[in-house]
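Visitor: Okay, structure incoming, though there's no sequence with it:
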């Protein structure tokens, strides 16, 4: 499905103008250019060269940065396109403190999970929402857990908190469950284990009751492992920074 979608998109998307987008990552390219990874509303993640954009005389100087809503234009004949224009589409999010590291963590998640030219407008909307929600908040961990749950769902990796996968009975807050990857929660007599949780906490996670510190702590532990599984063991640099700074409190 992805291959046919990609082929279809590439045949019609050789010149795109004024597309809403955000820069997820940038890196220097040659003397004065950059390679940009951009999430767009209608074309998914794209990779483009911004020629001459690092030059002080470039009209793009100061615009091509993360967390600033943009309108981008590009042309492409392959996976690597050429940026033909970019302009601000609103004010910069003004993210600072813990939120800035968390926003880079969000960017890194999308860089790893999204495929090029795979349109997912719902994920673009979700991204725009989390960037807005991270501005000036002291509840960074709560915002991130809600984002992760929804992102996993939109990617097709959603967690079913409704029932025990073996008995099909609803989760019981007085029982303990072990999560088995790609199967779900199964009742267990054990009360310890990396993926063992009491039903009460799991119900709390499903209802996003993150004002409860125990629920939030369990969500941190649970979602970290689910995301690691779907990343196939790939390490996130931004997560390591957050872990070093906050000892598991945020991610």
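Guide: Now that the structure is in, tell me what you want to look at. Values in this document were obtained by computation on a predicted structure and should not be read as measured data.
Visitor: use CA for all of it now, contacts and neighbours both
Guide: Noted.
Visitor: can you tell me the average pLDDT over the lengthiest strand in the chain?
Guide: Counting by DSSP state E, the longest strand found in the chain is strand 15-29. On average, the pLDDT along strand 15-29 is 96.
Visitor: pLDDT weak spots in the stretch 1-150 of the chain?
Guide: Low-confidence segments of the stretch 1-150 of the chain, defined by pLDDT under 70: 1-13.
Visitor: ranges for the helices of it?
Guide: 2-12, 98-113, 121-133, 140-155 (DSSP state H, counting those that start in this stretch).
Visitor: Give me the helices and strands touching the third one, please.
Guide: Packed against helix 121-133 by the contact rule (3 or more C-alpha pairs under 8 Å, 6 or more residues apart in numbering; DSSP states H and E) you find helix 140-155.
Visitor: Quick check: what element follows the helix it packs on along the chain?
Guide: strand 176-180 (DSSP states H and E).
Visitor: which strands and helices sit next to that next one?
Guide: Strand 176-180 makes packing contacts with strand 184-188, strand 196-198 when contacts are defined by 3+ C-alpha pairs under 8 Å, 6+ apart.
Visitor: and residue 141, how many neighbours?
Guide: Neighbours of residue 141 under the rule other C-alpha atoms under 10 Å: 23.
Visitor: Which residue comes closest to it once chain neighbours are left out?
Guide: residue 250 (4.6 Å; C-alpha to C-alpha, 6 or more residues apart in numbering).
Visitor: In contact with that neighbour, which residues are there?
Guide: By C-alpha atoms under 8 Å, 6 or more residues apart in numbering, the contact set of residue 250 is 140, 141, 144, 220, 242, 243.
Visitor: And residue 177, by the same measure?
Guide: Residue 177 makes contact with 185, 186, 187, 188, 196, 197, 198, 199, according to C-alpha under 8 Å, 6+ apart.
Visitor: which of these tops the neighbour count?
Guide: Of those, with other C-alpha under 10 Å as the count, residue 185 tops at 27 neighbours.
Visitor: ok, it - contacts?
Guide: Applying C-alpha under 8 Å, 6+ apart, one finds that residue 185 lies in contact with 161, 163, 164, 165, 177, 178, 179.
Visitor: Can you get me a residue count around the closest residue to it other than its chain neighbours?
Guide: Sequence neighbours aside, residue 179 is the residue nearest to residue 185 in space, at 4.4 Å (criterion: C-alpha to C-alpha, 6+ apart). Applying other C-alpha under 10 Å, we find 21 residues neighbouring residue 179.
Visitor: Touching, residue 179 and residue 195? I think so.
Guide: Yes: the pair residue 179 and residue 195 passes the contact test of C-alpha atoms under 8 Å, sitting 5.5 Å apart.
Visitor: Residue 85: how many residues sit nearby?
Guide: Residue 85: 16 neighbours (other C-alpha under 10 Å).
Visitor: again, but for residue 193
Guide: Count around residue 193 with other C-alpha under 10 Å applied: 10.
Visitor: The closest residue to it other than its chain neighbours: what's it in contact with?
Guide: In this structure, residue 193 finds its nearest non-sequential neighbour in residue 178, 8.0 Å apart by C-alpha to C-alpha, 6+ apart. Residues near residue 178 by C-alpha under 8 Å, 6+ apart: 185, 186, 187, 188, 193, 195, 196, 197.
Visitor: All set now, cheers.
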